[in-house]
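Peer 1: got a structure for you, letters missing:
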C-alpha cells in the first residue's frame, strides 16, 4: 500500500511540475510563493522538502537558470540522503530541463539517461525523461532519436492516462515533423493536441497550440489558414491576465501581414502592439516595433518616415545598450538613405554598423552589413570597393557554442587541500592506534618476565605517554595548519570574487552615468556641450580595462600560480584580452558573468571563446573550459 501511495505521489508531483514548466501562470505575489517554497525546500531532509525544491527550481527557471540548477542539485542531495530513488530520478529530470533551457544539451541528455537507468520500469519517470530527450535531440538535429523518444513518451503518457502531458508530447512531436518538412503530420498532431487541451479546458496551452498550427501554415505559404489560427489563438487569450501573450499574437499577425506585403494591415497591428509596449513601458518592444515599422515604410517607398522611425528605434536601442540591435538598425538606416539617394549617409551608416559589429564581435551582423555595402558600391559604380566588401561578406563564418556549468575551481582547490589535510590526520590517528597495539603486545610479553615487569611497564608507559603526547601535539598543529590554510584560501577566494563583483558593479554604474549623460547632451547649451562630451569620453575611458585588472591579476595569481605562464607557453601570442577571458573561464564564470566583468556583450564573449580555442589549437571535440581548468 505504501509503494502504491508513493508511486501515486510521484505521478501527481511530476504532473504538477511539468504543468509548472510548460504553462504561463500569474501569481498575485510571486515573492511570497517563492519564499514559502524556499523555507520548505531548505527545512531538513524529507520528501516534502525535496518536492518543494523541485517546485522552486521550476519557478526559478523563469528568472535565473543558474539558481534553478543549484536548487535542482539541492533536491538531488536530499533525495540521495533519504534514499528515495523516485524523487532522485525526478530531481535529475528537473535538472535536465533547466540545462535544456540553458542550452547545455549534453548535460540534459546525461541526467535524463541517469533517471531512466535508475528506474527503467517506472513509466512516469520514463515518459518525462523521453519527452525531454525528444525535444533535446530535435534541437541537436538528430531527428531519428528525436522521433523515437517522442513516440515513446506519447505511448507512456497514453498508458498513464495523463492527458495534459500526453497532449504536450503530441505537440513536441508536431514541432519535430514541422522542422522535418512533414507539414501534414505536424498539423494533424497539433490538431490532436489542441482537441485534448480543449476537452480539459486548458485555454492557455490551446492558444499556444493554435499559434504553432498558424506558424506551420505560414511555412506552407497558406496565409488564410495561418491567419485563421492566429485569430483563434488570440481570441482564447485572457488579455487582462496574459497581456504579454495577447500582444505577442498581435505582433506575430503583424509580421505575417508584413511578410505577405499587406503593409496597411501590418502597420495596423504593429501600432496596436506598440501602443501596449508604450503602456507598460517596454522599451525593447517599442524599439523592435519601430524598427519593423521603419522597414514597412522602406518597402512602401515612404523613406522619410522610415528614416524617422528607424532613428527612434536606434535611440531606444542605444539607451538599452543592446548592441546587436544597434548594429541591425544602423544597417536598416543605411538602406533607407540609399533608397532616397543619399549615398554618403548610406555608406556612413553601413560602415558604422560594421564598425560596431567588429568591436563587439557580432559576426553575423558584420556579414549582413558587408552585403548591403557591397550592393551600395555596386549601385554607385565603385567596383573595387564593392569587390572588397563582397570578399569580406563571403569569408565571414558564424560560430555557435553550447556552454555547460562546471564546478567552481577555487572551491575544488580548497576542498582538495582540505582533503589532503584530513588524510594526514587520519594517518596520524592510524599511527597512534598502531603504537597502542604495539604497547599492548609489550605488556603481554612482559608478563613472562616477572622479575623485570615493573621496569618494562614503566618504560613502556613512559614511552607510550610521550609518543601519545607528541602525536597529539602534532595532530593539533596539523589541524591548526589546515584551518589556517582553509581560512586563507577562503579569504583569497572571497577577495577574487568580491573584486570581480566590484568591477561588474562599477561598470554598471558607469554605464548608467554614461547613459544619463547621453540623454542630457541634446538638451544643454552649445557652450557647455563640449565639457559634457569631455566627461563622456572620460566615462568611456573608465569603462575600459584599468588598474582594477592589475589588482584582479594579483588576487588570481595567488590562487592559481603559474596559470598564465602555462597558458603563454602554449601560445606566446595570446593577447591581454585572451588572458583575461581565460582567467574568467578558470573561475568558471558563465557567458553573462564574463560579459558583465569584461563590459562586453554575451555574444562577444562567445566569439572571444572561439578565437581562444583557435589560438590554443583545440580540436572540435575538446572542451575549452575543461582544458583551461586543468592548467
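Peer 2: Good, I have the coordinates. Being a predicted model, the structure only gives us computed values, none of them experimental.
Peer 1: Now do the closest residue to residue 56 other than its chain neighbours, the pLDDT please.
Peer 2: Sequence neighbours aside, residue 37 is the residue nearest to residue 56 in space, at 4.1 Å (criterion: Cβ to Cβ, 6 or more residues apart in numbering). (C-beta placed from N, C-alpha, C; glycine too.) Among the per-residue scores, residue 37 shows a pLDDT of 87.
Peer 1: Next: residue 604.
Peer 2: Reading off the per-residue confidence, residue 604 sits at a pLDDT of 91.
Peer 1: One more: residue 215?
Peer 2: Listed pLDDT for residue 215 reads 80.
Peer 1: So it, which state does it fall into?
Peer 2: Of the three states, residue 215 takes helix under DSSP: H, G, I helix; E, B strand; the rest coil.
Peer 1: which element follows the helix or strand harbouring the residue nearest to residue 56 toward the C-terminus?
Peer 2: Assigned by DSSP states H and E, residue 37 falls within helix 30-41. Moving toward the C-terminus from helix 30-41, the first helix or strand encountered (DSSP H and E) is helix 47-60.
Peer 1: And the helices in the stretch 451-600 of the chain, which stretches?
Peer 2: Shown for the stretch 451-600 of the chain, the helices assigned by DSSP state H, counting those that start in this stretch span residues 453-520, 526-543, 547-559, 563-570, 576-586, 591-598.
Peer 1: Now residue 232. Nearest residue, chain neighbours left out?
Peer 2: Of all residues beyond its chain neighbours, the one nearest residue 232 is residue 210 (4.9 Å), with distances taken as Cβ to Cβ, 6+ apart.
Peer 1: Contacts only, for that neighbour.
Peer 2: For residue 210, the contacting residues are 194, 229, 230, 232, 233, 236, by Cβ atoms under 8 Å, 6 or more residues apart in numbering.
Peer 1: Could you report the distance from the residue nearest the centre of the chain to residue 376?
Peer 2: Compute the mean C-alpha point of the chain, and by Cα atoms, centre = their mean the closest residue is residue 102, 4.0 Å away. In this view, residue 102 and residue 376 are 40 Å apart by Cβ to Cβ, to the nearest Å.
Peer 1: distance between the helix holding residue 37 and the chain's centre?
Peer 2: Distance of helix 30-41 from the chain centroid (Cα atoms, centre = their mean, to the nearest Å) equals 23 Å.
Peer 1: before we move on, what about stretch 108-127?
Peer 2: When C-alpha coordinates are averaged (Cα atoms, centre = their mean), stretch 108-127 and its chain have centres 24 Å apart.
Peer 1: Quick check: mean pLDDT of that stretch?
Peer 2: Summarised as a single mean, pLDDT over stretch 108-127 is 93.
Peer 1: Which residues lie in contact with the residue nearest to residue 56 in this structure?
Peer 2: Listed by Cβ under 8 Å, 6+ apart, the contact set of residue 37 reads 52, 53, 55, 56, 59.
Peer 1: ok, now with 7 Å
Peer 2: Residues in contact with residue 37, defined by Cβ atoms under 7 Å, 6 or more residues apart in numbering, are 52, 55, 56, 59.
Peer 1: these two touch, right, the last one and residue 35?
Peer 2: Spelled out, it's residue 59. No - with contact taken as Cβ atoms under 7 Å, residue 59 and residue 35 are classed as non-touching, separated by 10.7 Å.
Peer 1: neighbour count winner among these two?
Peer 2: residue 59 (22 against 12; other Cβ atoms under 10 Å).
Peer 1: Return the set of buried residues in the helix or strand in which residue 385 is found.
Peer 2: Secondary structure from DSSP H and E places residue 385 in helix 383-395. Within helix 383-395, the residues that qualify as buried are 385, 386, 389, 390, 392, 393, counting by 16 or more other Cβ atoms under 10 Å.
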